[in-house]
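In: Pasted the sequence and its predicted model underneath.
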Amino acid sequence: MTKIKVVGLLVFALSILLVILFKHVSEQSKTSNTLLDTINQQKAFTQEISKNIFYIYKNKNASSSQLDNSIKSFISNMNSRDQKLDSVDSIAIKEQSSKIISLWNSFYLEVQNFRDASKITTSYSSIILEKLVNKIYNLNLELVVEFDALINIHQSELEDRISVYKDIQYFLFFLLLALLIYLFTQIKEIMLFIQKFSATSKKIISNASIKDLEPLKAHDNSTNTQISNATDNFNVFIEKINDSIEHSSGSIKHSCQSLDVVESNIENLFELLYEMEENKTIDKELTKKEDIIIQTLEELSSATQNLKELKIDLDNLTSHISKK
């Protein structure tokens, strides 16, 4: 029973551990998906900023409000990412993020230069603006490449972590399965023992006898020592009852033989009294006790008969269990 309790506790602990691990994997996936969404949004914002720059370059009177909004959204997203996800970033992700921040600073500087230059009109304004637009376009391409590289790093690390978690989950699952199989076999042995014990008990109660009662047998491959011990103890108990009945039956047999001898002696005494009565040599006082002797003889006969019947009943109770 101790092994079953220990295995039961292990099954419970492994089940809890698997639930925690599944929850952790789910949270990791959710966090990584949120991070990837943020990175994709940042990449989209840089592309949108480039488009707005190009639109403003082509349309001198265009409003810069959409450009300002895109810049604010990018900075807000970056700050949000740094606050929530920086603690789980690896060295490779941090290095890639630093490279992106450096590119972003250069990109943002050129955007600011474009905004300042677009407000000033000179003979060289168109040339300066064209160069700034080209720089912004090239920096945007570099940012897109670096963002894609960062996304690939995140996805690769996520797949590695998930792979490790899956290996642990598989190991714990198969260990849990093995423990459940072991627990099932142990419980099956206990149930079989209970069924055998219950059937044997019902047989004893219904027949009011242990005659022809077969001993309980433990499973050939049983590893539960307690069930084996309980089976042996039950069989020994039945054997002791059987021995007690046989001993009692033998004692009753000897008692019956003794009573038969006493009854025979009393009958001989009666014959002697009868002969003495015919010869007129019997004492009158002895004659008076004849009734008592007759009554005693009847009681002895009755007692002998009762003992013989009791012996028959005990013999019917006697089991033929093979002794070890």
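Out: Done, it's in. Residues are numbered from 1 along each chain as shown.
In: For the protein, which helix or strand comes out least confident on mean pLDDT?
Out: The weakest-scoring helix or strand in the chain, judged by mean pLDDT, DSSP states H and E, is helix 284-288 (a mean of 56).
In: which residues of the stretch 1-150 of the chain score low on pLDDT?
Out: Low-confidence segments of the stretch 1-150 of the chain (pLDDT under 70): 1, 62, 80-89, 123.
In: Tell me where it has helices.
Out: Taking DSSP state H, counting those that start in this stretch as the test, the helices found in the stretch 1-150 of the chain are 2-58, 65-85, 91-118, 125-207.
In: closest to Ile312 out of those?
Out: Comparison of the helices of the stretch 1-150 of the chain against Ile312 by C-beta to C-beta identifies helix 125-207 as nearest, at 15.9 Å. Bear in mind the C-beta positions are built from the backbone N, C-alpha and C, glycine included.
In: Show me what the closest one is packed up against.
Out: Identification of packing neighbours for helix 125-207 by 3 or more C-beta pairs under 8 Å, 6 or more residues apart in numbering; DSSP states H and E yields helix 2-58, helix 91-118, helix 225-278.
In: ok, and for the shortest one, which residues are buried?
Out: Okay, so that is helix 91-118. By 16 or more other C-beta atoms under 10 Å, the buried positions in helix 91-118 come out as 93, 96-97, 100, 103-104, 107-108, 110-111, 113-115, 117-118.
In: Then stretch 159-168?
Out: Quick answer for stretch 159-168 (16+ other C-beta under 10 Å): Arg161, Tyr165.
In: Touching that stretch from outside, list them.
Out: Identification of contacts with stretch 159-168 by C-beta atoms under 8 Å, 6 or more residues apart in numbering yields Leu21, His24, Val25, Gln28, Ser29.
In: Identify, from these, the entry nearest to His254.
Out: Nearest member of the contacts of stretch 159-168 to His254, counting by C-beta to C-beta, is Leu21, at 75.9 Å.
In: so what's that closest one up against?
Out: Taking C-beta under 8 Å, 6+ apart, one finds Tyr165, Ile168, Gln169, Leu172 in contact with Leu21.
In: got it, and Gly8?
Out: Contact analysis of Gly8 by C-beta under 8 Å, 6+ apart lists Leu183.
In: ok, it to Ile16 distance?
Out: 13 Å (C-beta to C-beta, to the nearest Å).
In: From Ala13, how far out is Asn134?
Out: Taking C-beta to C-beta, one finds Asn134 at 64 Å from Ala13.
In: I should have written Asn235 there, sorry.
Out: Taken as C-beta to C-beta, the span from Asn235 to Ala13 is 38 Å.
In: Please apply the same query to Met191.
Out: 25 Å.
In: Then Thr34?
Out: 31 Å.
In: same question, Gln169
Out: Distance from Gln169 to Ala13, by C-beta to C-beta: 15 Å.
In: which one of those two has more residues nearby?
Out: Neighbour count, other C-beta atoms under 10 Å: between Gln169 and Ala13, Gln169 has more, with 16 against 11.
In: Could you pull up the contacting residues of the more buried one?
Out: With the criterion set at C-beta under 8 Å, 6+ apart, Gln169 makes contact with Leu18, Leu21, Phe22, Val25.
In: Could you rerun that using 10 Å?
Out: Contact analysis of Gln169 by C-beta atoms under 10 Å, 6 or more residues apart in numbering lists Leu17, Leu18, Leu21, Phe22, Val25, Ile162.
In: and if you look at Lys119?
Out: So Lys119 contacts Ser64, Ser125 (C-beta under 10 Å, 6+ apart).
In: since we're on the closest residue in space to Asn113 that isn't next to it in sequence, how many residues are nearby?
Out: With sequence-adjacent residues excluded and distances taken as C-beta to C-beta, 6 or more residues apart in numbering, Asn113 is closest to Leu132, at 5.7 Å. Look at Leu132: counted by other C-beta under 10 Å, it has 21 neighbours.
In: tell me which residues in stretch 38-57 are buried?
Out: Under 16+ other C-beta under 10 Å, the buried positions of stretch 38-57 are 38-39, 41-50, 52-53, 56-57.
In: quick check, nearest of those residues to Ile252?
Out: Thr38 (97.1 Å).
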